[in-house]
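Novice: Next comes the sequence, and after it the predicted model I'd like to discuss.
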Amino acid sequence: MSDLQQLTQAIIQFRDERDWKQFHKPKDMVISLMLEAAEVAELFQWKTEEEMEAMHIPEGNEDLADELSDVLAYLLQIAYDFNIDLKSAFLRKLEKSAAKYPVEKARGNATKYIEL
């Protein structure tokens, strides 16, 4: 079993033990995912370069780790509920992105693929 499958199994077990599936409608799960992603962004809002640098050390990034974990928890549940194999989906998407952004055109360039 892959790490991703183990994490999915753990969050689904956590959810099911609490009988929360009844509250986890797709719309609400996606909204929750976006809210958690916004909480990640909030950790960076108005920060100086020095304050953000402090987040690179383990003692300085527990809040970031917690918020990223919340994002992952919602993402794993949504994928599970829609029968999406995230590993396969991610690798397929990476292949598509590689085709859109070939190294020889995209390296060191932040231009959108339609302008390369």
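Specialist: Noted; the coordinates are in hand.

Novice: where do the helices sit along the protein?
Specialist: 3-17, 26-44, 49-54, 62-81, 86-100, 103-106 (DSSP state H).

Novice: Next, work out how far apart the residue of the chain lying at maximal distance from its centre and residue 98 are.
Specialist: Centroid-distance maximum for the chain: residue 104 at 28.0 Å, with C-alpha atoms, centre = their mean. Per C-beta to C-beta, to the nearest Å, residue 104 is found 12 Å from residue 98. Heads up, the C-betas are built off the backbone N, CA and C, glycines and all.

Novice: Repeat that for residue 7.
Specialist: From residue 7 to residue 98 the distance is 26 Å (C-beta to C-beta).

Novice: who has more neighbours, these two?
Specialist: For residue 7 versus residue 98, the count of surrounding residues by other C-beta atoms under 10 Å is larger for residue 7: 16 against 11.

Novice: what residues are up against the more buried one?
Specialist: Residue 7 is in contact with 72, 76, counting by C-beta atoms under 8 Å, 6 or more residues apart in numbering.

Novice: rerun that using 7 Å as the cut-off
Specialist: residue 76 (C-beta atoms under 7 Å, 6 or more residues apart in numbering).

Novice: Residue 110 versus that one, what's the distance?
Specialist: As for residue 7, its distance to residue 110 is 32 Å (criterion: C-beta to C-beta).

Novice: same question, residue 61
Specialist: Counting by C-beta to C-beta, the gap from residue 61 to residue 110 is 26 Å.

Novice: which of these two has more neighbours?
Specialist: Set residue 61 next to residue 110 and count neighbours by other C-beta under 10 Å: residue 61 wins out with 15 against 5.

Novice: wait, isn't that one in contact with residue 55?
Specialist: Yes. With contacts counted by C-beta atoms under 7 Å, residue 61 reaches residue 55, the gap being 4.7 Å.

Novice: which one of the helices of the chain lies closest to residue 115?
Specialist: helix 103-106 (10.0 Å; C-beta to C-beta).

Novice: Which pLDDT value belongs to residue 89?
Specialist: With respect to pLDDT, residue 89 scores 97.
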